[in-house]
Structure formats: C-alpha cells, structure tokens
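# prediction below, plus the sequence it came from.
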Amino acid sequence: MGAGKTTLLRAISGLIALSAGKIQYEDRSISGLEAHILARRGLVHVPQGRQIVPALSVEDNLKIGAVQAGVSREEIDQRAAQEYRRFPVLKARKAISGASLSGGEQQMLALSRALMMSPRVLLLDEPSLGLAPQIVFMILNALRALASEGMAVLLVEQAAFLALETADRGIVLRNGEFVLHDEAKLLRKNKQLLESYLA
C-alpha cells in the first residue's frame with residue numbers, strides 16, 4: 001500500500017472525488033470542482049509521468065495549457081519567452097516533438113507548461129523520478145526560485161532528503177495520514193527519526 005501522496009495531490013487538484021472531508025483553497029471550499037476550473041483559479045498540478053502531448057512540438061505543448069486557461073496570445077508569447085529563459089534547452093528544441101525529448105527535458109516541459117498558467121499554487125508529483133541528478137537539481141533550483149517569488153509549491157517526492165534540501169516544511173504521509181511534519185531544516189537534523197518513518 002502506498003503512502004497516499006499521489007492520491008492527495010489528485011484529490012486537491014480535482015482529478016479524483018473525495019470520499020470524505022473537504023478541501024479549502026483561498027478560504028473557500030473547492031471540493032468537487034474539476035481540474036480545469038481549479039487551474040483557472042491558480043491551482044495547477046504537474047502529475048507523475050509528465051503527461052506532455054508527445055506529437056506536439058515543445059512550443060505547442062507550452063502554449064496548450066495557457067490557451068485552455070484563457071490567456072491572450074500576446075501574454076502567451078511573453079510567458080513562453082520566460083520559460084525559455086528558465087530552461088534554455090527548451091528554446092533550443094522548441095520546434096521538435098515532445099516525444100523526441102529526453103526524460104529530463106520532458107519534465108522541464110511539463111513544469112514550464114504548468115507555469116504558463118501563472119499558478120499561485122503548484123502541485124508536483126515525483127518530478128525527480130527516473131532523472132539524472134544534475135537535471136533533478138536544476139528542477140529543484142527552479143522550484144526554490146519560484147517559491148522565493150511567492151508561489152506556493154507542494155512537492156511530493158520519494159527522494160525525501162533531497163526534497164528537504166529545497167523545502168521550507170516537510171510532511172511525511174503513511175497510509176494517507178500525516179505522521180510527521182515540521183520545518184525542513186529540523187527534519188534534516190533529525191535524520192534517524194525521519195528514516196524510521198520512511199523505512
């Protein structure tokens with residue numbers, strides 16, 4: 001049985017129905033709202049497995065989410081330019097299909113596509129899965145920069161110690177229950193306790 005991390009993100013982002021309880025966002029209940037409505041309200045989910053559109057070019061993959069969110073053409077071009085600055089490799093490969101990208105490049109594209117919607121809350125599910133360490137650090141550094149600019153980032157990550165190097169706070173789930181939560185720096189110091197929960 002899993003810890004419930006992916007299920008939690010899917011419930012928050014409206015991809016699955018709640019079996020009990022409610023979810024609040026900006027002091028309002030969002031329980032039962034669909035994912036595309038939540039995305040327009042600033043809550044955007046990057047699911048595990050990246051889920052880019054393989055047949056579309058990098059540029060079209062970037063634009064598709066923003067179009068669905070009702071962003072103007074001029075604003076889309078400005079946001080795309082910003083994402084190309086964030087991940088220059090995407091600019092160099094903008095005309096090729098998403099299927100032709102490496103796993104790391106696909107993860108950068110999935111993240112940038114979400115950022116095209118200017119989220120206030122960004123949910124990411126296992127962005128490091130299967131990626132080379134240098135790509136993981138690049139993505140985590142980008143997330144840290146976004147958080148420092150005021151974006152709330154909820155990161156689900158199996159590589160807990162790596163995530164805690166980036167995070168402000170950490171939460172450990174077991175079977176869908178919060179079993180440990182504290183400031184990331186305190187959790188990093190108490191490695192033995194954290195390992196006992198993650199074993």
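Okay, I see it. Numbers count the residues shown, from 1 in each chain.
# point out where this structure drops to low pLDDT.
1-3, 197-199 (pLDDT under 70).
# quick one: the helices in it?
Under the criterion DSSP state H, the chain contains helices at 5-12, 35-40, 58-68, 73-86, 88-92, 103-115, 133-148, 160-166, 184-189, 191-198.
# who touches the fifth one?
This means helix 88-92. Contact with helix 88-92 is made by 58, 62, 83-84, 105, 108-109, 112, as judged by Cβ atoms under 8 Å, 6 or more residues apart in numbering. (Each C-beta comes from the backbone N, C-alpha and C, glycine too.)
# could you redo the last one with a cut-off of 6 Å?
58, 84, 105, 108 (Cβ atoms under 6 Å, 6 or more residues apart in numbering).
# buried residues in that helix?
89-90 (16 or more other Cβ atoms under 10 Å).
# for that helix, what is the distance to the chain centroid?
How far helix 88-92 lies from its chain's middle: 20 Å, per Cα atoms, centre = their mean, to the nearest Å.
# pipe the contacts of helix 88-92 into TSV and attach distance to residue 179 and neighbour count per row.
TSV is the format used below for the contacts of helix 88-92 (distance: Cβ to Cβ, whole Å; neighbours: other Cβ atoms under 10 Å):
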residue	distance to residue 179	neighbour count
58	40	30
84	41	18
105	35	22
108	32	27
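# looking at the residues you listed, which one is closest to residue 17?
residue 108 (31.3 Å; Cβ to Cβ).
# quick check: the farthest pair among the contacts of helix 88-92?
Maximum distance among those (Cβ to Cβ): 12.7 Å, for 84 and 105.
# who are the contact partners of residue 61?
By Cβ under 6 Å, 6+ apart, the residues touching residue 61 are 52-53, 98, 109, 113.
# hmm, 10 Å instead?
By Cβ atoms under 10 Å, 6 or more residues apart in numbering, residue 61 lies in contact with 52-55, 90, 94, 97-98, 101, 106, 109-110, 112-113, 116.
# narrow the residues you listed to just the buried residues.
Buried subset of the contacts of residue 61 (neighbour count, 16+ other Cβ under 10 Å): 52, 90, 94, 97-98, 101, 106, 109-110, 112-113, 116.
# so can I have TSV of the helices of the chain showing distance to residue 27?
Shown next, in TSV, are the helices of the chain (distance: least, Cβ to Cβ, whole Å):
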stretch	distance to residue 27
helix 5-12	15
helix 35-40	15
helix 58-68	26
helix 73-86	27
helix 88-92	36
helix 103-115	23
helix 133-148	21
helix 160-166	27
helix 184-189	26
helix 191-198	31
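# so of those, which one's packed in deepest?
Compared across these, helix 103-115 shows the largest average neighbour count, a mean of 22 (mean count of other Cβ atoms under 10 Å).
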